[in-house]
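In: I would like the atomic coordinates for the input below:
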Amino acid sequence: MSRGQRLRLVVVLGSLIAVGPLTIDMYLPALPAIVADFATTSAAVQLTLTGTLAGLAAGQLLIGPLSDAVGRRRPLIAGLLLHVVASVLCVVAPNIAVLGVLRVVQGLGVAATAVVAMAVVRDLFSGSAFATMLSRLLLVMGAAPVLAPTLGGGVLRWTDWRGVFVTLAVFGVLLIAVAAFGLPETLPAARRRRGGVLATLSLYRTLLRDRIFVGLVVVAGLAMAALFAYVAGSSFVLQDGYGLDEQQFGLAFGAGAVGLIAATQYNVRLLRRYSSQRILVVALVAGTLAGLALVVFAATGFGGLPALLGSLWAVLAAAGLAMPNAPALALSRHGEAAGTASALLGAVQFGVGAVAAPLVGMLGTGALAMALVVAGGMVAALAVLLVVVRPARLAGLEPVPAAVVAH
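Out: Just a heads-up that it's a prediction; the model follows:
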């Protein structure tokens with residue numbers, strides 16, 4: 001695959017991946033307006049976010065095996081169509097209950113983009129080449145959640161919260177065109193899986209019996225939990241707790257995202273000298289130490305806001321190194337079922353995120369609550385890596401880095 005072809009692939013897959021974070025985060029600035037419009041509680045409105053994450057998790061479990069059986073393009077386009085329909089219905093939702101259900105449906109539809117994008121990369125690349133491409137896509141995954149609230153705020157300057165869902169529907173239509181004309185089928189008929197529901201259940205059973213695969217998937221999910229805890233709690237902590245205004249919060253939030261993005265891109269350079277497994281171990285150790293420091297600073301107030309932000313950004317950078325490598329190592333074991341394996345990976349990541357986000361609120365939405373969930377994700381990820389996966393077992397796991405297939 002030429003450099004130009006790789007660049008085109010990154011643009012196409014990046015556009016598809018971006019719709020997930022945009023669907024999750026773009027309406028965040030409108031949450032107070034939704035509370036007022038439906039005369040409901042903030043907790044009820046926040047559950048619409050959890051519902052989207054739950055839909056993403058469940059949808060990936062369904063779409064992954066489907067994409068292994070019928071190819072990548074048809075499930076992708078069907079999922080985008082479902083997302084567009086749900087977005088349009090969100091515009092006319094009469095109450096918070098209906099909006100919550102439609103947000104779950106949105107999550108189900110947009111799950112296709114995450115599964116198929118990951119599976120396409122696995123179809124075409126393996127080993128360090130896979131981790132390198134994944135790092136490029138994580139640039140989009142890191143930037144989209146940061147830009148989404150800003151874009152949502154811009155839309156709200158011209159319309160109300162329902163206009164955010166109009167924007168998502170229009171973006172979904174554009175992505176259908178991108179998928180139809182810009183993404184060729186990467187899974188030929190000869191490599192597709194057959195057997196229906198029983199074969200799918202059997203495949204999931206096979207994946208779940210692979211201790212190393214399951215351990216790496218959980219590690220990736222726990223690292224993602226630290227990120228979701230940051231997204232869910234940072235607004236309350238920095239604005240209510242430390243008195244930052246909206247502009248200052250945007251700068252602080254953006255700086256953390258820049259660190260995360262920079263780490264995912266620096267991972268590409270590290271892979272030229274070090275193995276994925278070594279980078280993963282070092283990243284989780286560093287993230288755990290930074291997370292424990294974050295808890296100390298949040299509990300004692302020592303060092304004030306600079307110490308809190310510094311340790312928080314260090315955790316995010318560590319997560320940025322861990323998130324490309326854990327999935328790359330996990331999926332390298334099951335290239336023959338990339339869609340199903342990617343689905344299980346995504347389901348765990350968003351499923352854990354669906355738990356982590358409201359957990360911050362349950363603990364109080366203060367600095368210590370956010371710090372405990374962020375640090376807990378990194379500590380648990382390191383524990384799973386050491387106890388369940390065991391780094392010594394990762395030696396020789398990574399296949400020779402190469403582009404495997406060109407269609």
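
In: pretty sure residue 99 is touching residue 47, no?
Out: No - in this structure residue 99 lies outside contact range of residue 47 using CB atoms under 8 Å: 10.0 Å. All C-beta spots, glycine's among them, are computed from the backbone N, C-alpha and C.

In: quick one, strands of the chain?
Out: 125-126, 402-403 (DSSP state E).

In: mean confidence score for the last one?
Out: Read it as strand 402-403. Per-residue pLDDT over strand 402-403 has a mean of 28.

In: what's the answer for stretch 35-53, then?
Out: Mean per-residue pLDDT for stretch 35-53: 83.

In: roughly how far is it from the heart of the chain?
Out: Computed by CA atoms, centre = their mean, to the nearest Å, the separation of stretch 35-53 from the middle of its chain amounts to 21 Å.

In: about what we covered before: more neighbours, residue 99 and residue 47?
Out: Counted by other CB atoms under 10 Å, residue 99 and residue 47 do not tie: residue 99 has more neighbours, with 24 against 17.

In: check the gap between residue 332 and residue 74 for me.
Out: 26 Å (CB to CB, to the nearest Å).

In: more neighbours: these two, which one.
Out: residue 332 (21 against 15).

In: wait, that one touches residue 125, no?
Out: No - Residue 332 is beyond contact range of residue 125, at 10.2 Å (criterion: CB under 8 Å).

In: tell me who's in contact with residue 72.
Out: Neighbouring residues of residue 72 by CB atoms under 8 Å, 6 or more residues apart in numbering: 116, 119-120, 123, 183, 185-187, 339.

In: of those - the most surrounded one?
Out: Result: residue 116 is most packed of those (other CB under 10 Å), 35 neighbours.

In: nearest spatial neighbour of it, chain-adjacent residues omitted?
Out: residue 76 (4.3 Å; CB to CB, 6 or more residues apart in numbering).

In: in the stretch 101-250 of the chain, which spans are helices?
Out: 127-156, 162-182, 196-209, 211-235, 246-270 (DSSP state H, counting those that start in this stretch).

In: cool, and the stretch 301-407 of the chain?
Out: 304-331, 338-362, 367-384.

In: among those helices, which comes closest to residue 218?
Out: Among the helices of the stretch 301-407 of the chain, the nearest to residue 218 by CB to CB is helix 367-384 (5.1 Å).

In: how about the closest one: buried residues?
Out: By neighbour count on 16 or more other CB atoms under 10 Å, the buried set for helix 367-384 is 367-382, 384.

In: on the pLDDT front, check residue 2 for me.
Out: pLDDT, residue 2: 68.

In: need the outlier residue of the chain, farthest from its centre.
Out: Within the chain, the residue lying farthest from the chain centre (CA atoms, centre = their mean) is residue 302, at 32.0 Å.
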